[in-house]
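Undergrad: sharing a sequence plus its predicted fold:
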Amino acid sequence: MTRLVVAAGGGGDAVAAAMFDAAVHGTGERAVILTYAWDRLLVDAVPGPRGADGFTGLRSLTPAVRSVPARARPLAPAGSTLPRLAAELPHTFALLDPYRGVEGVTRQLEELLKELSPDSVHLLDVGGDILARGDEPTLKSPLADALTLAACCQVSAPVRLLVAGPGLDGELPAEEVCGALGAVVHVFTAEDVEAVGRVLDWHPSEAMAMLAATARGVRGACEVRGAQSPVALTDESPTVREADPEQALDRNELARAAMGTGSLAEVEELSRDICGHSELDHEREEAARFRRRRAAAPDPAALTSDPAAIGPDPAAMLSRLDRLEAEARGRGATHLTLGRITEALDLDSTQWDALRRLLKSRRADRYEAPLWRIPGGV
């Protein structure tokens, strides 16, 4: 039995797809997960997604689709979590390449449908921003989801749209997302999380971290990168609910407009027109700021390669963390993502793993995997 799961936005959606497939179907044959290699700047210093020409060591599944095995490597200076996912999870990860627009993604899907003859096809999104209209002020990353939604609505096979962790991406209010959803398909448990437990120790997806934490019973409010309002962690958070893909398409103006596009640049221009921005522009600006900052003045308190030490003054870094916790607690947060800590301490992707290991070694009582608990949080 073959199953195909399309991770709507890449990144954490791919991990959630693996967790969902293992939870529902057990340890038998695992699904093929079609996903973007789009890990954002915390992992990939190069803005935008990686296409097939951005890797070495890919395998051919169809003329237009390549899988990403553990031996694959992104071409420097780019980065990608997909080879490590392939090494640690039993699923097949296939590369979703957006550079030929919706027409190209649709062609990839049709080829996979013909090659695999899957028993089921799911489109899975963590958080629910795939249901966005496009004009929401909190919407940050509409492009990837709109592109996959548009393509999935054009293929010959029926596709079930699933939303895991309504509201956990922080882009749409949970109540708005839930209002557009149907029945609960699954509720993640702590046992389900064990299927991807090792991945959560290093994967940077904030939405996936919150999904896993709530499946393990964590409740409260979590502050994420961007210092926006804390994301509520509720009993609804670990659920997976179904949505009607055609109704989602009716809501999503960018997905409808992108239907006939033949390049990512076209979709990006539509995003600027409809949503008022493109997440690629934001990534380009962030990458340029980071390069300027590194060139001007390297952080003297930056993490070293030694996971047990922080530069010349570990106490100063931990003191900054204390201040961040106090400020976030004042904003109503009970937890922080490690991405938020990395951002607030002005660290970069090369320092992510060392930060995580340092915090776990020095203040392990605050680590509610994979989130950071704020002492005294209400």
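TA: Great, that's in hand. Numbers count the residues shown, from 1 in each chain.
Undergrad: and the strands in the stretch 1-150 of the chain?
TA: Listed from the start of the chain, the stretch 1-150 of the chain has strands (DSSP state E, counting those that start in this stretch) covering 3-7, 32-35, 55-56, 59-60, 66-67, 73-74, 92-95, 120-126.
Undergrad: average pLDDT across the third one?
TA: Per-region confidence: strand 55-56 scores 98 on mean pLDDT.
Undergrad: how about the fourth one?
TA: For strand 59-60, mean pLDDT is 98.
Undergrad: what does the second one give?
TA: The average of the pLDDT scores along strand 32-35 is 98.
Undergrad: that strand pairs with which strands, parallel or anti?
TA: For strand 32-35, the paired strands and their directions (DSSP bridges) read strand 3-7 (parallel), strand 92-95 (parallel).
Undergrad: right, and these - which one's nearest residue 211?
TA: Evaluated with Cβ to Cβ, the strands paired with strand 32-35 place strand 3-7 nearest to residue 211, the distance being 13.2 Å. Where you see a C-beta, it was placed from the backbone N, CA and C, and this is true even at glycine.
Undergrad: how far off centre is that closest one?
TA: Centroid separation for strand 3-7 versus its chain: 15 Å, with Cα atoms, centre = their mean, to the nearest Å.
Undergrad: and stretch 77-94, what's buried?
TA: With burial defined by 16 or more other Cβ atoms under 10 Å, the residues of stretch 77-94 counted as buried are 78-86, 88-89, 91-94.
Undergrad: stretch 133-146 too?
TA: Residues of stretch 133-146 classed as buried under the neighbour-count rule (16+ other Cβ under 10 Å) are 133, 134, 139, 140, 141, 142, 143, 144, 145, 146.
Undergrad: how much space separates the third one from residue 277?
TA: So the one you mean is residue 139. Between residue 139 and residue 277 the distance is 9 Å, computed by Cβ to Cβ, to the nearest Å.
Undergrad: which of the strands of the stretch 1-150 of the chain sits most buried?
TA: Taking mean count of other Cβ atoms under 10 Å as the contact definition, the stretch among the strands of the stretch 1-150 of the chain with the greatest mean neighbour count is strand 32-35, which reaches a mean of 28.
Undergrad: got a list of contacts for that one?
TA: The set of residues that contact strand 32-35 without belonging to it, under Cβ atoms under 8 Å, 6 or more residues apart in numbering, is 2-7, 10, 13-14, 17-18, 21, 65, 82, 91-96, 108-109, 112, 116, 118.
Undergrad: which intervals of the stretch 201-350 of the chain have sub-threshold pLDDT?
TA: Under the criterion pLDDT under 70, the flagged ranges of the stretch 201-350 of the chain are 227, 293-314, 349-350.
Undergrad: including distance to residue 191, could the strands of the stretch 1-150 of the chain go into CSV?
TA: CSV is the format used below for the strands of the stretch 1-150 of the chain (distance: least, Cβ to Cβ, whole Å):
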stretch, distance to residue 191
strand 3-7, 20
strand 32-35, 21
strand 55-56, 34
strand 59-60, 32
strand 66-67, 28
strand 73-74, 33
strand 92-95, 23
strand 120-126, 19
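Undergrad: out of these, nearest to residue 47?
TA: Nearest to residue 47 among the strands of the stretch 1-150 of the chain is strand 73-74 (13.6 Å), distances taken as Cβ to Cβ.
Undergrad: residue 56 versus the residue lying closest to residue 180 once chain neighbours are set aside, what's the distance?
TA: Excluding the flanking residues, the one nearest residue 180 by Cβ to Cβ, 6 or more residues apart in numbering is residue 131, at 4.9 Å. Counting by Cβ to Cβ, the gap from residue 131 to residue 56 is 37 Å.
Undergrad: likewise residue 188?
TA: Here residue 188 is placed at a distance of 35 Å from residue 56 (Cβ to Cβ).
Undergrad: ok so, going back, which one of the strands paired with strand 32-35 lies nearest to residue 209?
TA: Distances from residue 209 to each of the strands paired with strand 32-35 were compared by Cβ to Cβ, and the smallest falls on strand 3-7, at 15.9 Å.
Undergrad: run a quick neighbour tally on residue 198.
TA: Burial measure for residue 198: 12 neighbouring residues, criterion other Cβ atoms under 10 Å.
Undergrad: does it touch residue 88 like I think?
TA: Yes: look at residue 198 against residue 88 with Cβ atoms under 8 Å: they come within range, at 5.6 Å.
Undergrad: what strand or helix carries residue 154?
TA: Taking DSSP states H and E as the criterion, residue 154 maps to no regular element, lying outside all helices and strands.
Undergrad: quick check: pLDDT value at it.
TA: For residue 154, the model assigns a pLDDT of 97.
Undergrad: what phi and what psi does the backbone show at the nearest residue to residue 272 once chain neighbours are set aside?
TA: Computed as Cβ to Cβ, 6+ apart, the closest residue to residue 272 that is not its neighbour in sequence is residue 278, at 5.2 Å. In terms of degrees, to the nearest 10, the main-chain angles of residue 278 are phi -130, psi 130.
Undergrad: distance check, residue 278 against residue 28.
TA: Looking at residue 278 against residue 28, where the rule is Cβ to Cβ, the gap reads 41 Å.
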